[in-house]
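> coords please:
(one chain, ligands or ions: 1)
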Amino acid sequence: MKSIITQLFIALVIVFSPALVMAAGKLDQADIERAAELRDKALKSDLAYDILESLTTEVGPRMAGTEGDKRAVKWAKNKFKQLGFDKVWTEPVTFPSWDRGVEQAEIISPFPQKVIVTALGNSVGTGNEGVRGEIAHFKTFEDLQAAERGAVGGKIVFISHKMKKTRDGRSYGKAVAARSRGASVAGEKGAKAIVIRSIGTDHDRLPHTGNMGYAEGVRKIPAAALSNPDADLLLNQLKRGSVEFGLTLTSSPGELLTTYNVIGEITGRESPEEVVVIGGHLDSWDLGTGAVDDGAGVAITMAAAKLISEGKRPRRTIRVVLWGNEEQGLWGAKAYAKAHKDEMDKHITGAESDFGAGLIWSFDWTSVNENEPLIDQMAQLLKPLGVKKGNPKATSGPDLWPLRGLGMSTFALRQDGTDYFDLHHTANDTLDKVNPEHLKQNVAVYSVFAYAVAEVTGDFGRGIKY
Ligand SMILES: [Zn+2]
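Numbering: from 1, shown residues only. Have a look, this model is predicted:
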């Protein structure tokens, strides 16, 4: 049996082991004043809007693998340098590319009309001659899953599920299964093709693109999204009997290509190896200029780090990662996680801005430690911005998912997404949709957040699963 002294010694080693995570500290009075100063300065700054205007004007659409994407990488490197970031570099991201090609559709009978479609990202094409077939209509993805092969085989599947407007975007999670998995289920049951109602909340005659995938071993069928008004039109024709539909997509998978995560750092003054990660994704879909998705996130986080850099450097490093190719499958996020997996103990926490440019209304954090005092300080600082304290079960933007998987804690600075899905992945995602005042509020919140977590000592927890 071990002596009392030995047991005490072991207990002390466990308590003070550096491998154990220390709870986050608190901001002192000077830090609080500095954070408030940053917040108020951000509210008067046009910097984020200027960055966003520059990105949408000088680059515009920047789907991974396109000329626009290459220009975006150059633009981002130059912008970081212009803004005086301490370190700027790129990291390679390899991915299978995809070409959109021609996209056309029509109702052939009973009442012939052209309809507006767009190919879903990663979809195979129909060939130049197109496909035609009877529509097999399902109200939801689940209805398609439950359908007999006989109801689907040889037909063109149509899923008409309509997404609802919500502030937190929760309706997207349910609706998006039709886009991401519909083709696999329809293909497995013998369908020729699938068209879905756009995953969006607008009434514009503009379809919403977005990524889809094919389950292993399933026959790949072409997949497209109809604009919302055209989905209504198709439903009205279906009320009158069976509908013959024609779809032509010349989309095709391309070669393996390389793009880049573009990274800019404000180096910490005391613990430069400890990193706080903020950012947005640099790529966009090809239809709009990617102002809202995710030029806004790029601009908000670049501007916040730049404002912080104008004063004394925080204790830790603030790393702004502009993620490459998020839209086609988180390729940049996965490449970063792979390249940095051995430095995860130095990745303290992070947040991604990838939900448009609406006002931030709440913030969530990760907590296993006693970091409540800091959270309360942040809540006080953010209160004048209309941001309320949320809950200790923060999710994150998609590009931080791989890092969360490796144990990094995250914060969620939650934007109002009520109108986000009106524009999401459409040709309507352009600069005029961004309210410059809302952008300033976002920069103010990100400045307070990034400064606070970069300035305090201690940690925010590791490997938390909820
Ligand atoms: Zn996005």
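
> in three-state terms, label residue 52 for me.
helix (DSSP: H, G, I helix; E, B strand; the rest coil).

> any stretches of this protein with poor pLDDT?
Along the chain, the model assigns pLDDT under 70 to residues 1-22, 368-370.

> around the ion, pick out the residues from it.
293-294, 354 (Cβ under 5 Å from the ion). Where C-beta positions appear, they are placed from N, C-alpha and C, glycine not excepted.

> just the buried residues of these.
The neighbour-count test (16 or more other Cβ atoms under 10 Å) marks 293-294, 354 as buried among these.

> output these as CSV; include the columns secondary structure.
Formatted as CSV, these follow (three-state DSSP):
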residue, secondary structure
293, helix
294, helix
354, coil
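
> closest one of those to residue 360?
residue 354 (12.9 Å; Cβ to Cβ).

> what's around the residue lying closest to the closest one once chain neighbours are set aside, how many residues?
Nearest residue to residue 354, sequence neighbours excluded (Cβ to Cβ, 6 or more residues apart in numbering): residue 397, at 3.9 Å. Using other Cβ atoms under 10 Å, residue 397 has 24 neighbouring residues.

> offset the numbering so it begins at 490, please.
Got it, first residue is 490 now, which makes that one residue 886.

> residue 886 and residue 763: what is the separation?
Separation of residue 886 from residue 763 (Cβ to Cβ, to the nearest Å): 21 Å.

> how about residue 611?
Distance from residue 611 to residue 763, by Cβ to Cβ: 37 Å.

> what's around the closest residue to the ion within the stretch 590-739 of the chain, how many residues?
Residue nearest to the ion within the stretch 590-739 of the chain: residue 699 (9.8 Å; Cβ to the ion). Neighbours of residue 699 under the rule other Cβ under 10 Å: 24.

> contact partners for it?
Shown in contact with residue 699 (Cβ atoms under 8 Å, 6 or more residues apart in numbering): 609-610, 665, 668-669, 688, 714, 774, 816, 913-914.

> just send these back as a markdown table, with neighbour count and secondary structure too.
Output for the contacts of residue 699, formatted as a markdown table (neighbours: other Cβ atoms under 10 Å; DSSP: H, G, I helix; E, B strand; the rest coil):
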| residue | neighbour count | secondary structure |
| --- | --- | --- |
| 609 | 31 | coil |
| 610 | 23 | strand |
| 665 | 19 | helix |
| 668 | 27 | helix |
| 669 | 17 | helix |
| 688 | 27 | coil |
| 714 | 32 | strand |
| 774 | 25 | coil |
| 816 | 24 | coil |
| 913 | 27 | coil |
| 914 | 30 | coil |
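
> quick one on the thing from earlier: the residue nearest to residue 843 against residue 845, yeah?
No. In this structure, residue 886 is not within contact of residue 845 by Cβ atoms under 8 Å, at 11.3 Å.

> quick check: neighbours shared by these two?
Between them, residue 886 and residue 845 share no contacting residue, judged by Cβ under 8 Å, 6+ apart.

> wait, is residue 763 part of a strand?
Yes. Checked against three-state DSSP, residue 763 lies within a strand.

> out of the buried ones among the residues of the chain next to the ion, who's nearest residue 514?
residue 843 (28.8 Å).

> max-length strand in the protein?
Taking DSSP state E as the criterion, the chain has its longest strand at strand 741-755.

> what is that one packed up against?
The contact analysis (3 or more Cβ pairs under 8 Å, 6 or more residues apart in numbering; DSSP states H and E) places strand 741-755 against helix 556-571, strand 576-588, helix 785-798, strand 805-812, helix 820-829.

> got the ones you listed as a markdown table, with mean neighbour count and distance to residue 693 columns?
Output for these, formatted as a markdown table (neighbours: other Cβ atoms under 10 Å; distance: least, Cβ to Cβ, whole Å):
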| stretch | mean neighbour count | distance to residue 693 |
| --- | --- | --- |
| helix 556-571 | 19 | 23 |
| strand 576-588 | 17 | 24 |
| helix 785-798 | 28 | 20 |
| strand 805-812 | 28 | 28 |
| helix 820-829 | 21 | 29 |
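
> please enumerate the helices of this structure.
Here the chain has its helices, by DSSP state H, at 493-505, 518-532, 536-547, 556-571, 630-635, 659-677, 717-727, 785-798, 820-829, 861-871, 890-894, 909-912, 925-944.

> and residue 653, what is it in contact with?
Counting by Cβ under 8 Å, 6+ apart, residue 653 has contacts 660, 690.

> where's the residue in the stretch 790-939 of the chain that the ion sits nearest to relative to residue 610, distance?
Checking the stretch 790-939 of the chain residue by residue against the ion with Cβ to the ion singles out residue 843 as nearest, at 4.4 Å. Relative to residue 610, residue 843 is positioned 16 Å away (Cβ to Cβ).

> with residue 640 instead?
Per Cβ to Cβ, residue 640 is found 27 Å from residue 610.

> isn't residue 924 right up against residue 846?
Yes. Residue 924 is within contact range of residue 846, at 6.8 Å (criterion: Cβ under 8 Å).

> which one's more surrounded, the two?
residue 846 (31 against 13).

> which one of the contacts of residue 699 is nearest residue 527?
residue 913 (30.2 Å).

> buried residues in stretch 907-915, which are they?
Using 16+ other Cβ under 10 Å as the test for burial, stretch 907-915 gives 908-915.

> which two of those have the greatest separation?
908 and 914 (14.0 Å).

> can you give me the strands in the stretch 590-739 of the chain?
592-598, 602-604, 606-608, 620-627, 645-648, 682-686, 712-715, 733-738 (DSSP state E, counting those that start in this stretch).

> distance from the chain centre to the fourth one, please.
Put plainly, it is strand 620-627. For strand 620-627, the separation from the chain centroid amounts to 32 Å (computed by Cα atoms, centre = their mean, to the nearest Å).

> what's the answer for the third one, then?
Average the C-alpha atoms of strand 606-608, do the same for its chain, and the two points are 21 Å apart (Cα atoms, centre = their mean).

> cool, stretch 516-525 as well?
On Cα atoms, centre = their mean, the centre of stretch 516-525 falls 31 Å from that of its chain.

> flag every buried residue along it.
516, 520-521, 523-524.

> stretch 594-603 too?
Applying 16+ other Cβ under 10 Å to stretch 594-603 flags 594-596 as buried.

> and if you look at stretch 628-643?
Within stretch 628-643, the residues scored as buried using 16+ other Cβ under 10 Å are 629-630, 633, 636, 640-641.

> ditto for stretch 604-619
604-615, 619.

> and the furthest pair within those residues?
604 and 611 (21.7 Å).

> now do the contacts for the spatially closest residue to residue 866 that is not a sequence neighbour.
Nearest residue to residue 866, sequence neighbours excluded (Cβ to Cβ, 6+ apart): residue 516, at 5.2 Å. Residue 516 makes contact with 524, 863, 866, 941, 944-945, according to Cβ under 8 Å, 6+ apart.

> same thing with residue 656?
850, 905-907.

> about what we covered before: JSON lines for the buried residues of stretch 604-619, including distance to residue 826?
Listed next are these as JSON lines, based on distance: Cβ to Cβ, whole Å:
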{"residue": "604", "distance to residue 826": "40"}
{"residue": "605", "distance to residue 826": "38"}
{"residue": "606", "distance to residue 826": "35"}
{"residue": "607", "distance to residue 826": "30"}
{"residue": "608", "distance to residue 826": "29"}
{"residue": "609", "distance to residue 826": "26"}
{"residue": "610", "distance to residue 826": "22"}
{"residue": "611", "distance to residue 826": "21"}
{"residue": "612", "distance to residue 826": "27"}
{"residue": "613", "distance to residue 826": "29"}
{"residue": "614", "distance to residue 826": "32"}
{"residue": "615", "distance to residue 826": "36"}
{"residue": "619", "distance to residue 826": "40"}
